[in-house]
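[1] How does the following fold in three dimensions:
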Amino acid sequence: QVQLVESGGGLVQAGASLTLSCAASGRSFSNYPMGWFRQAPGKEREFVAAFSWSGGSTYYADSVKGRFTISRDNAKGTMYLQMNSLKPEDTAVYYCAAGRLKYGLALKVSDFGSWGQGTQVTVSS
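    Model (predicted):
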């Protein structure tokens, strides 16, 4: 089982940037798909961005495409989410997650078996 800890959230104004980090421990996340999700108050957890298990492919929700960038440093066991041009509708708790299956494809909440505790991102207008 991998343990995940997010950091980097905060309160920013619309148009600003933030970078979230996700530190993994317990096992390497190499060869596992990794992703970011978010959950706004009263809404279901939604997909934001993800890596394929190899790290060679990335996937983004349409709502963040062109503004957010997912990256990972396997040597450091850390994944990042660079968020630019933030909008009030990006306000949510952001979670990082590790896929259930090695070498698998993971894009849905149910595909991920390990979750961090979340970090709050608030974007004011």
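[2] burial of A23, as a residue count?
    15 (other C-beta atoms under 10 Å). Backbone N, C-alpha and C define where each C-beta goes, glycine included.
[3] any idea how far it lies from Y32?
    15 Å (C-beta to C-beta, to the nearest Å).
[4] One more: T119?
    21 Å.
[5] ditto for Q82
    21 Å.
[6] Have a look at the two and say which one is more surrounded.
    A direct count of neighbours by other C-beta under 10 Å for Q82 and Y32 places Y32 higher, at 25 against 15.
[7] quick one: A24 and K76 touch, right?
    No: applying C-beta atoms under 8 Å, one finds A24 not in contact with K76, separated by 9.1 Å.
[8] Please say which of those two ends up with more neighbours.
    Using other C-beta under 10 Å, the more surrounded residue of A24 and K76 is A24, with 24 against 11.
[9] Which of the three states applies to R27?
    Using DSSP: H, G, I helix; E, B strand; the rest coil, the structure places R27 in coil.
[10] Would you agree it is in contact with K102?
    No: the pair R27 / K102 is not scored as a contact, 10.1 Å apart, by C-beta under 8 Å.
[11] secondary structure class for the most centrally placed residue in the chain?
    The centroid of the chain falls nearest to W36 when counting by C-alpha atoms, centre = their mean (2.0 Å). Three-state call for W36 (three-state DSSP): strand.
[12] which non-adjacent residue is nearest it?
    V48 (4.3 Å; C-beta to C-beta, 6 or more residues apart in numbering).
[13] one step back: next one: the residue nearest to the centre of the chain from S125, what distance?
    W36 is 23 Å from S125, by C-beta to C-beta.
[14] Over to L11?
    Separation of L11 from S125 (C-beta to C-beta) stands at 12 Å.
[15] So which of these two has more stuff around it?
    Using other C-beta under 10 Å as the criterion, L11 and S125 rank with L11 on top: 12 against 9.
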